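**Student:** Below are the sequence and a predicted model for it; my questions follow.
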Amino acid sequence: MDNDLKQLLDAPYSFRVRPKAVDATDRLSWRLYIALLIVGRGTARGGCSLQRLQLLNWAALAPKHHEALNNAQERTAAVDRLDVRFDPALDRTLTFALASNLLEYDQNGKFRLTDDGQTALEEIPEHDSAFEQPIKLMESVGRKLTEARISALLTWGLK
C-alpha cells in the first residue's frame, strides 16, 4: 500500500486557479427571491416598507438573527439584542426588481408585487434548503410585525 501511494504522489501534477465560489446569500437570484418572499409573504396587507424589507432581510441572513427577531417580537428578550444591519445589497436588489417589473413602488412608500413578481414568487422552490429558513421566518414573524413595532425595534436607542 505504501508503494501505491508513492506511485500516485510521484506522478506529475498541476494546479489551476479556479474562480472563488460565491456564497448563496451574495447571489442576486437568492437575494431577489428573498425580497419577493418578504414582499409577498412577510406582510399582512401586501405592501411592504423599506424598513420591513431591511429588518426581515437581516433576519433571513442567519438563524441567530431570526431567533433574535422572534424573541424581540414576542418580547421574551430585550430589544437591545437586535443588532440590525441595513444591507446596501438589498437596495441594489430592489432596484433590479423594480427595473425588471417584479416589484412596484406605490405613492404610500410601499413595495408591492406585480403580476410578474407574483409568478416568480410562486416558482420559489419551497423545499429547497436555501429557502427553508426564510420561509419559516415569514411564517413565524413576518406577518405578525406591525409597522409601529418595526419602527420601535429599529429606533429603540435613538429616542
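**Tutor:** Received, thanks. Numbering: from 1, shown residues only.

**Student:** and the next element down the chain from the helix or strand bottoming out on mean pLDDT in the chain?
**Tutor:** Ranked by mean pLDDT, DSSP states H and E, the weakest helix or strand in the chain is helix 2-9, scoring a mean of 72. Remark: after helix 2-9, the chain's next helix or strand is helix 28-41, criterion DSSP states H and E.

**Student:** what residues does that following helix touch?
**Tutor:** 24-25, 46, 48, 52-53, 56-57, 60, 89-90, 93-94, 96-97, 102-103, 111-113, 117-118, 120-121, 124, 130-131, 134-135, 138-139, 142-143 (CB atoms under 8 Å, 6 or more residues apart in numbering). Placement of C-beta: from N, CA and C, glycine included.

**Student:** Which of those residues fall in strands?
**Tutor:** Using DSSP state E, the subset of the contacts of helix 28-41 located in strands is 103, 111, 112, 113.

**Student:** what about residue 95, distance to residue 105?
**Tutor:** From residue 95 across to residue 105, the span is 10 Å (CB to CB, to the nearest Å).

**Student:** Please say which of the two ends up with more neighbours.
**Tutor:** Using other CB atoms under 10 Å as the criterion, residue 95 and residue 105 rank with residue 105 on top: 14 against 11.

**Student:** list the contacts for the more buried one?
**Tutor:** So residue 105 contacts 98, 111, 112 (CB under 8 Å, 6+ apart).

**Student:** change it to 6 Å
**Tutor:** Residue 105 makes contacts with residue 111, as judged by CB atoms under 6 Å, 6 or more residues apart in numbering.

**Student:** same deal with residue 55?
**Tutor:** Per CB under 6 Å, 6+ apart, neighbours of residue 55: residue 150.

**Student:** Starting from residue 88, give me the distance back to it.
**Tutor:** Noted for residue 55: a distance of 15 Å to residue 88, by CB to CB.

**Student:** ditto for residue 27
**Tutor:** Note on residue 27: its distance to residue 88, by CB to CB, is 16 Å.
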